[in-house]
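> A predicted structure for the sequence below; I have some questions about it.
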Amino acid sequence: MRSYTKEIAIGFVPVFILFLQFVVGVNTLPLVFMAGIAGGLLYVAKSRGQLAAMGGERKGKIRPAVPLSFDEIGGQDRAKQELIEALDFLVHQDQISKFGIRPLKGILLTGPPGTGKTLLAKAASAYTDSVYIAASGSEFVEMYVGVGASRIRDMFKEARQKAQKAGKTSAVIFIDEIDVIGGKRDGGQQREYDQTLNQLLTELDGIHTSESPRILLIGATNRKEMLDSALLRPGRFDRHIGVDLPDKKGRNHILRIHARNKPLHDEVSMDKIAEESFGFSGAQLESVMNESAIYAMREESETIMQRHLSMAIDKVMMGEKTDRESTKEERERVALHELGHAITAEIVRPGSVSQVALSPRGQALGYVRHNPQQDRYLYTREFLEEQIMIALGGAAAEEQFYGDRSTGSRGDFDQAMSIVRTMVESGLTEMGIVNESMMTPDKWASVSNNILNHLMSRVKQLLEERKDVFIRSLEVLTAEETLGGQQFRDLLDQSGDVAKETIMS
Ligand SMILES: Nc1ncnc2c1ncn2[C@@H]1O[C@H](COP(=O)(O)OP(=O)(O)OP(=O)(O)O)[C@@H](O)[C@H]1O
Ligand SMILES: [Zn+2]
């Protein structure tokens, strides 16, 4: 139920103004003018507030769609054709149900980075006149059990609502890096399963032909072999479409697409550029066109010449090399950071780590997946302290190995602080039951500093004793990019044996 008091009150405003003007005889013009400005400002402020609230709603941004057609994707003829065939299937809904055919629920795009998987998903949504919602798998990885699952649920809900609002009969949900959610589950002794993946499967199983709006899930990965077989079963990701690096003809096509808005010299041979850029992805070819334009502009040339393009190819090739070197160091730091979380987690809660991984890219860089624990409604102080310690483990490890921290720990500190808040507000600290008025900002800072410093030194001590585990795990992690829960526990146990031996002797 809604009350309309506000609307009625606003309705009386003009009546009141007319009353002032004609009955009382006041000149209301300045008044009306000022009210208009104030109202306008208020409206702007309010809609800004709404935007900010929307942006802050979740860490994973749901990005709005830009309509894009298949014509704007170069090469990839086979992938496009397979995708269109699959989508045509979706469009002929009535016939599908008439023949009792199982509906198409998921399409998996597999292939190396930068080959146009995101573009294909966007084009698929435009082709089927659907609303488009996109997220990346790493946005669903959370330290807290159940948060990832509820994000999945929210995303499907949002897709349905958006489609309804836009008057569309279907929605495309695109999840990049789907392997982060749907990675192979670690088959240890414990029955390890993942709530986030389970929720995704539940949502997929819940899609029916007759439903409106219809949801189509498109996933992308460059590590198909990493996916859990549950995701690949019929009725889940039904269609797999490979998106490969473009061949020469494809490269030519992609270059032409990105040259559309650029002044090319008549004598430029795209064929030659396509030949020189062997092994380049679509994203790299886009860079080549862009860099060539920068070279031309710098030389104050009217048009982009062949040599600008050749220089751009070299630059993109070299850029790749230097990028790789810098990321090698960065990846080592990320790996040690994540191992810090994982080792702390295994010590305070043995058996809790299900996977440690480095992302090939994406915003998370690396992550630790935890096995779901029992749903909890009550938390003890000890439990919360352990949770804080796990959060601090990343920064503690960085300090141990590099003597400093990086921006990679920001999210961790936010998490730690919010747990401190829960502890204080629930009266679980030395202060006992606290009254909100007691907690000035200064007081908050000193209390949380105390708690965090104390727990930080405990974590550092734990990790200091496990230096060998870091070294051994780092080797596997940088080589394989992932470390399974059991595999990790084995590495940790080896260290335990050493420690025990030294105590015994
Ligand atoms: N086939 C293509 N045709 C035209 N442009 C392309 C193509 N492939 C890639 N690009 C360019 O590269 C950019 C990145 O491509 P896109 O994000 O679709 O790749 P992706 O396969 O999803 O990569 P990732 O796996 O890294 O997310 C695009 O915005 C576009 O500029
Ligand atoms: Zn971290």
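Arrived safely, thanks for sending. Residues are numbered from 1 along each chain as shown. Ligands and ions are numbered 1, 2, ... in the order given.
> Tell me where the stretch 151-300 of the chain has strands.
Listed in chain order, the strands found in the stretch 151-300 of the chain under DSSP state E, counting those that start in this stretch are 170-176, 214-221, 237-242.
> Get me the contact residues on the stretch 401-505 of the chain for ligand 2.
Contact residues (C-beta under 5 Å from the ion) of the stretch 401-505 of the chain with ligand 2: residue 412. C-betas here are computed from N, CA, C, even on glycine.
> actually the stretch 1-150 of the chain, not the one I wrote
So the stretch 1-150 of the chain never meets ligand 2 (C-beta under 5 Å from the ion).
> Ligand 1 contacts on the stretch 1-150 of the chain?
73, 74, 75, 76, 113, 114, 115, 116, 117, 118, 119 (C-beta under 6 Å from any ligand atom).
> For the fourth one, give me the backbone phi and psi.
Reported as degrees, to the nearest 10, the phi and psi values for residue 76 are phi 50, psi 30.
> Renumber starting at 51 from here on
In the new count, where the first residue is 51, that last one comes out as residue 126.
> still on that earlier bit, reformat the strands of the stretch 201-350 of the chain as a markdown table; add mean neighbour count.
Converted to a markdown table, these look like this (neighbours: other C-beta atoms under 10 Å):
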| stretch | mean neighbour count |
| --- | --- |
| strand 220-226 | 25 |
| strand 264-271 | 25 |
| strand 287-292 | 18 |
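> Contacts only, for residue 517.
The neighbours of residue 517, taking C-beta atoms under 8 Å, 6 or more residues apart in numbering as the test, are residue 450.
> circling back: considering the strands of the stretch 201-350 of the chain, which stretch scores lowest in mean pLDDT?
Lowest mean pLDDT within these: strand 287-292, a mean of 90.
> what angle separates it from strand 264-271?
Interaxial angle of strand 287-292 relative to strand 264-271 (axes from the mean of the first three to the mean of the last three C-alpha atoms, to 10 degrees): 40 degrees.
> Can you name every helix or strand that strand 287-292 contacts?
Under the contact criterion of 3 or more C-beta pairs under 8 Å, 6 or more residues apart in numbering; DSSP states H and E, strand 287-292 touches helix 127-141, strand 156-160.
> coming back round to it: flag the least confident of the residues of the stretch 51-200 of the chain next to ligand 1.
pLDDT across those is lowest for residue 163, at 89.
> Quick check: that residue is in a strand.
No - going by DSSP: H, G, I helix; E, B strand; the rest coil, the assignment for residue 163 is coil, not a strand.
> can you list the domains in this structure?
Domain segmentation of the chain under automatic domain parsing yields 55-97, 120-292, 298-354, 377-554.
> Contacts only, for residue 417.
Contacts of residue 417 by C-beta under 8 Å, 6+ apart are 188, 191, 230, 388, 406, 407, 409.
> For the helix or strand containing residue 381, what is the distance to the chain centroid?
In this structure, residue 381 is located in helix 356-398 according to DSSP states H and E. Here helix 356-398 is found 18 Å from its chain centre; the criterion is C-alpha atoms, centre = their mean, to the nearest Å.
> near ligand 2, anything from that helix?
No - Helix 356-398 lies out of reach of ligand 2 by C-beta under 5 Å from the ion, never closer than 5.5 Å.
> Now do that helix: which elements does it pack against?
Helices and strands touching helix 356-398, by 3+ C-beta pairs under 8 Å, 6+ apart, are helix 320-326, helix 332-348, strand 403-408, strand 416-420, helix 431-452, helix 491-514, helix 517-530, helix 535-554.
> Run the chain-centre distance for stretch 434-447.
On the basis of C-alpha atoms, centre = their mean, stretch 434-447 sits 22 Å off its chain's mean C-alpha point.
> Take it, keep the C-alpha atoms, and write them as CSV.
C-alpha atoms of stretch 434-447 as CSV (Å, rounded to 0.1, in the frame of the first residue of the first chain):
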residue,chain,number,x,y,z
LEU,A,434,35.1,-13.7,14.5
GLU,A,435,38.7,-13.3,15.5
GLU,A,436,39.7,-16.2,13.3
GLN,A,437,37.7,-14.6,10.4
ILE,A,438,39.7,-11.4,10.9
MET,A,439,42.9,-13.3,11.0
ILE,A,440,42.1,-14.9,7.7
ALA,A,441,41.4,-11.5,6.2
LEU,A,442,44.7,-10.1,7.5
GLY,A,443,46.7,-13.1,6.3
GLY,A,444,47.3,-11.6,2.8
ALA,A,445,48.8,-8.4,4.1
ALA,A,446,50.8,-10.2,6.7
ALA,A,447,52.4,-12.4,4.1
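> outside of it, which residues touch it?
The contact list for stretch 434-447 (C-beta under 8 Å, 6+ apart) reads 193, 386-395, 398-399, 455, 458-459, 462-463, 465-466, 469-470, 472-473, 478, 501-502, 505-506, 508-510, 512-513, 520.
> State the distance from the closest residue to residue 155 other than its chain neighbours to ligand 2.
Leaving aside its chain neighbours, residue 155 sits nearest to residue 257 (4.9 Å; criterion: C-beta to C-beta, 6 or more residues apart in numbering). Residue 257 sits 34 Å away from ligand 2, taking C-beta to the ion, to the nearest Å as the criterion.
> follow-up on the earlier one: dump the residues of the stretch 51-200 of the chain next to ligand 1 to TSV, plus neighbour count.
Below are those laid out as TSV (neighbours: other C-beta under 10 Å):
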residue	neighbour count
123	24
124	22
125	25
126	26
163	16
164	18
165	28
166	27
167	26
168	19
169	19
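> I'd like to know how many residues surround residue 145.
10 (other C-beta atoms under 10 Å).
> Let me know the helix or strand that it is in.
Using DSSP H and E, residue 145 sits within helix 143-148.
> same question, residue 461
Going by DSSP H and E, residue 461 is part of helix 460-475.
> what is the orientation angle of that helix with helix 356-398?
Going by the same axes, to 10 degrees, helix 460-475 makes 30 degrees with helix 356-398.
> tell me what helix 460-475 is packed against?
If you count contacts as 3+ C-beta pairs under 8 Å, 6+ apart, helix 460-475 packs onto helix 431-452, helix 491-514.
> make it 6 Å
helix 431-452 (3 or more C-beta pairs under 6 Å, 6 or more residues apart in numbering; DSSP states H and E).
> All set, thanks.
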